[in-house]
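> What follows is a predicted protein model with its sequence.
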There are 2 protein chains.
Amino acid sequence: MAKTELGREIPDKFAKQYGTYAGEFANIKDYQRAAANVHPVKPGDSKLLPSIHDAIVATGLKDGMTISFHHHFREGDYVMNMVMAEIAKMGIKNLSIAPSSISNVHAPLIDYIKQGVITNITSSGLRDKLGAAISSGIMDNPVIIRSHGGRARAIASGDIHIDVAFLGAPSSDEYGNINGTNGKATCGSLGYAKIDAKYADKVVAITDSLMPYPNTPISIPQTDVDYVVQVDAIGDPNGIAKGATRFTKDPKELLIAQYASKVITASKYFKPGFSFQTGTGGASLAVSRYLRQAMLDQDVHASFALGGITNAMVELLEEGLVDKLVDVQDFDHPSAVSLANNAQHYEIDAEMYASPLSKGSMINQLDIAILSALEVDTHFNVNVLTGSDGVIRGASGGHSDTAAACKMSMIIAPLVRGRIPTIVSDVNTIVTPGASVDVVVTELGIAVNPKRQDLIEMFKDLNVPQFTIEELRDKAYAITGTPDKIEYGDKVVALVEYRDGTIIDAVHNV
Amino acid sequence: MAKTELGREIPDKFAKQYGTYAGEFANIKDYQRAAANVHPVKPGDSKLLPSIHDAIVATGLKDGMTISFHHHFREGDYVMNMVMAEIAKMGIKNLSIAPSSISNVHAPLIDYIKQGVITNITSSGLRDKLGAAISSGIMDNPVIIRSHGGRARAIASGDIHIDVAFLGAPSSDEYGNINGTNGKATCGSLGYAKIDAKYADKVVAITDSLMPYPNTPISIPQTDVDYVVQVDAIGDPNGIAKGATRFTKDPKELLIAQYASKVITASKYFKPGFSFQTGTGGASLAVSRYLRQAMLDQDVHASFALGGITNAMVELLEEGLVDKLVDVQDFDHPSAVSLANNAQHYEIDAEMYASPLSKGSMINQLDIAILSALEVDTHFNVNVLTGSDGVIRGASGGHSDTAAACKMSMIIAPLVRGRIPTIVSDVNTIVTPGASVDVVVTELGIAVNPKRQDLIEMFKDLNVPQFTIEELRDKAYAITGTPDKIEYGDKVVALVEYRDGTIIDAVHNV
């Protein structure tokens, strides 16, 4: 067993293959950018194929290859299940799949794993039945959990070589000019898909809205697309926004949001031209509301808001409180509409969003990130992947990326959820190292990471209760009792890759 | 000596290195796309450097490396001369320069060649004093003339590996987000620069308009830029439009334009949704005017106009006669303004414009291209590079690219220019092979390439005088006399690379 810098044990085999986490920026080195093998398209060649089957044949997909999908349709995605059904029917086996993330709707993957169609998975996360199945140990090879920036890094550096990318395209012309803002199932930004299109050897655009040439705006250009297939439906537009949260009325969430907003406005980062990223949870959206009021009261406008974009951010843009939205993914329909219509709302790809190996990602310029957590421990390590039962049910997302890169990272979370403590002695699974976490905000008060003495000084007169992280943990345990240790098995079912490509934790079967 | 398919002699050494032209699409094969060696930029790292000198030092530029520049400022460019002056001062020698093109304003390059600072050049063309100097034989190594699509191909395939790209940036923020539509010297599209930024190991943005972060719209993203330098001025905005032509009153040019317009409207390609590209010459702009009238009269709107964009095309867009402009370069200020303000005016890079090795460039979807010529011969080969004295004074541009890819390529040219015939038995220098040329239009009438029997049939009732190309040649020679053969020396001063990477002709010293 090898050990990470944070003391987590990683089996030697994987430690040797990936390296082990040794610090936020310890493994950032010059590298040769990967690139596609290209089949040139000549004048007169057609890219349009009659079916997904024909496209699979045309790409030359074979046993053992790696294919990818994007998760912009979230719970409304039809594409991955359609393509995998056809691949399974064709008898292709032993595939690695590298979707940018996996949703509840992708439970059919369980069967393809059992049939040997899929033998490797890398994803931002796993949900619901698939997460439970993986945690029970149905795969021989561990799933590789990658952050959004880490996935972009892995693709750009060649750690993930995509043989064929299957891209759900809300609209495309016959030559493969794609955008996510026109069509029947608009998802807005195609930030994660753009990377797949750029680096994959073969790219298949699957669309239900075939447009006249040239389809514009061009999010993914024809020069990154090999084949185009028209189908009846690529996704359920309602599913895209499923799970997106409205403004909360939960007094606990409102209190967390209020504290978070106070922390932000008391920080030196809150000044004209500041920048921020928020999440999609109830408390997170509530932070935007409180922050809005502070921005109005103090006449402080933001230069940009970044990330997964929600309607709350769109409203700030439209109100003139935020100059620009920079958008790698849209979490609801109004955000997709804004991307289509507002010239100050910009689409970027995942590499520009968060890759630690790029020539500078946008998160490097970010002042404040508001992030969620399933667990935070007394070392400020954060778990957003496994539940209190040890089962995989979350996603790495951009968590470790933004936390590492921004100037002040804030974890907002309730102290306890039902009988489960959020602040614990040791998280089940480390996704984001404590070195990247600056402030933890609960409904009882905040804890500032002792490594940020500058923030402790900055907040010394802040009108929010302040504790050590150990005190918060004790308060949580006082309510829930000290949690029992999870009984894990011996099998590694998932490896959590840090954004730099090293392994930061291993998840065992339960 | 090796011979091309068209009978041109290429010294064995170069024939072996590059291959010789063997047909328009004979050398289009799958390939591994090239990619940059990347130095990651971490949070807190600054890209801003105080001077061009510091940027050169930071890039690690060394003797023997390859550097590049873009030509979007045309005759107004300050950047290449500024950077080369500093490089010369620093004593760096034996550089290859790979600008997308070279203008009259770059005559100082002659000194750097003589000093051994520059020992290799690849460019779309050479003008004026530099062209004359090269043709006189001042370089040991021949200049490699590449078309715009051929250059993009060469960069994408690794034939040109750019160690450092120096990019004049009309506006940039400190992190390298660049566009050409804001700033003091706006050039509009940065289509050629985008490719350099994408593939070069090191990229330096040189700007006179430093913008707040994030500078938008983003034509070249921060993820493609290593360093940013602010200078007083990067270019003279008036120089950008220098040489751009107003509507001609020359009756000869008007007649050519009228005939060209009749050819277009009589062709099967003239129908709703057609597409076209025109040039910048007087006759070319006049074609747009006649075409406009035909489009109005017959209610035929174009889906897109492509290429180097001029105000004539912008007017068609604004009038609703063209749905979209697709823009790799702007030839005048109104075009740059349109790119900034008109949502139907799109910027693309040179690879998407014209690379023969891309997954499908836009010229592959082009119906009609209107192209110029210095000479056309009886094999329909076209010379746009060397004058009647054999001296290099032109540029390959997108000529061979669009001619090869579009559905109907038209060469518009006066039969004679002063005492010099345009239609000749054999062009001095082949840039575009006759196989790519469909119709030649002069003020006396047209000649259709016999390989296009479909067009001959299509135009049999056309009210324009029709001749064989030999008849046009004879009419030209009847005016000018048969031209004397040029007395070339033994030295190869330039190799004309066909868009696919093979050599189509060699230019000797005079």
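That came in fine, so what should we check first? Residues are numbered from 1 along each chain as shown, chains lettered A, B, ... in the order given.
> Which single residue of the stretch 351-500 of chain A ends up nearest chain B?
Using CB to the nearest CB, residue A:360 is the residue of the stretch 351-500 of chain A that sits closest to chain B, at 3.6 Å. Where you see a C-beta, it was placed from the backbone N, CA and C, and this is true even at glycine.
> now the helices for the stretch 251-400 of chain A?
Along the stretch 251-400 of chain A, the stretches classed as helices by DSSP state H, counting those that start in this stretch are A:251-266, A:282-298, A:311-318, A:333-341, A:350-354, A:399-405.
> could the ones you listed be laid out in JSON lines, adding mean pLDDT, distance to residue A:107 and mean neighbour count?
Listed next are the helices of the stretch 251-400 of chain A as JSON lines, based on pLDDT from 0 to 100; distance: least, CB to CB, whole Å; neighbours: other CB atoms under 10 Å in any protein chain shown:
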{"stretch": "helix A:251-266", "mean pLDDT": "96", "distance to residue A:107": "29", "mean neighbour count": "21"}
{"stretch": "helix A:282-298", "mean pLDDT": "93", "distance to residue A:107": "26", "mean neighbour count": "20"}
{"stretch": "helix A:311-318", "mean pLDDT": "95", "distance to residue A:107": "29", "mean neighbour count": "22"}
{"stretch": "helix A:333-341", "mean pLDDT": "95", "distance to residue A:107": "25", "mean neighbour count": "20"}
{"stretch": "helix A:350-354", "mean pLDDT": "98", "distance to residue A:107": "25", "mean neighbour count": "30"}
{"stretch": "helix A:399-405", "mean pLDDT": "98", "distance to residue A:107": "24", "mean neighbour count": "29"}
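> And the residue nearest the centre of chain A?
The centre of chain A sits closest to residue A:397, judged by CA atoms, centre = their mean, with a distance of 2.2 Å.
> Could you check the pLDDT of it?
Looking at residue A:397, its pLDDT is 96.
> Give me the spatial nearest neighbour of the residue of the stretch 51-200 of chain A found nearest chain B, chain neighbours excluded.
Nearest residue of the stretch 51-200 of chain A to chain B (CB to the nearest CB) works out as residue A:175 at 5.6 Å. Leaving aside its sequence neighbours, residue A:175 sits nearest to residue A:222 (CB to CB, 6 or more residues apart in numbering or on different chains; 4.3 Å).
> Tell me which residues touch the one you found, please.
A:47, A:173, A:175-177, A:214, B:352, B:359-360, B:362 (CB atoms under 8 Å, 6 or more residues apart in numbering or on different chains).
> Recalculate using a threshold of 6 Å.
In this structure, residue A:222 makes contact with A:175-177, B:360, judged by CB atoms under 6 Å, 6 or more residues apart in numbering or on different chains.
> Using CSV, lay out the helices of the stretch 251-400 of chain A together with distance to chain B.
Formatted as CSV, the helices of the stretch 251-400 of chain A follow (distance: least, CB to the nearest CB, whole Å):
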stretch, distance to chain B
helix A:251-266, 19
helix A:282-298, 17
helix A:311-318, 13
helix A:333-341, 10
helix A:350-354, 5
helix A:399-405, 5
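> Any idea which of these gets closest to residue A:231?
Nearest to residue A:231, of all these, is helix A:333-341, at 20.2 Å by CB to CB.
> Check which helices and strands the closest one sits against.
helix A:311-318 (3 or more CB pairs under 6 Å, 6 or more residues apart in numbering or on different chains; DSSP states H and E).
> next one: the helix it packs on to chain centre, how far?
21 Å (CA atoms, centre = their mean, to the nearest Å).
> rewinding a little: what distance do you get for the residue nearest to the centre of chain A to residue B:173?
Distance, residue A:397 to residue B:173, using CB to CB, to the nearest Å: 27 Å.
> next one: residue A:357
Taking CB to CB, one finds residue A:357 at 21 Å from residue B:173.
> Please apply the same query to residue A:430.
35 Å.
> likewise residue A:274?
Distance from residue A:274 to residue B:173, by CB to CB: 16 Å.
> can I get the helices of the stretch 251-400 of chain A in CSV with distance to residue A:380?
What follows is those, written out as CSV (distance: least, CB to CB, whole Å):
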stretch, distance to residue A:380
helix A:251-266, 15
helix A:282-298, 19
helix A:311-318, 27
helix A:333-341, 31
helix A:350-354, 20
helix A:399-405, 10
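> nearest to residue A:132, of those?
With CB to CB as the criterion, residue A:132 lies closest to helix A:399-405 of the helices of the stretch 251-400 of chain A, at 21.6 Å.
> Now do the closest one: distance to the chain's middle.
11 Å.
> Check stretch A:54-69 too.
That offset, for stretch A:54-69, works out to 25 Å (CA atoms, centre = their mean).
> Just the C-alpha atoms of it, please, in PDB.
What follows is stretch A:54-69, C-alpha atoms only, in PDB (Å, rounded to 0.1, in the frame of the first residue of the first chain):
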ATOM      1  CA  ASP A  54     -24.200   3.200 -39.500                       C
ATOM      2  CA  ALA A  55     -22.200   5.800 -37.500                       C
ATOM      3  CA  ILE A  56     -20.800   3.200 -35.200                       C
ATOM      4  CA  VAL A  57     -19.800   1.100 -38.200                       C
ATOM      5  CA  ALA A  58     -18.300   4.200 -39.900                       C
ATOM      6  CA  THR A  59     -16.200   5.100 -36.900                       C
ATOM      7  CA  GLY A  60     -14.600   1.700 -36.900                       C
ATOM      8  CA  LEU A  61     -15.500   1.200 -33.200                       C
ATOM      9  CA  LYS A  62     -13.900  -2.000 -32.000                       C
ATOM     10  CA  ASP A  63     -13.600  -4.100 -28.800                       C
ATOM     11  CA  GLY A  64     -11.400  -2.400 -26.200                       C
ATOM     12  CA  MET A  65     -11.800   1.200 -27.400                       C
ATOM     13  CA  THR A  66     -12.800   4.300 -25.400                       C
ATOM     14  CA  ILE A  67     -15.900   6.200 -26.200                       C
ATOM     15  CA  SER A  68     -17.300   9.400 -24.600                       C
ATOM     16  CA  PHE A  69     -20.500  11.300 -24.000                       C
END
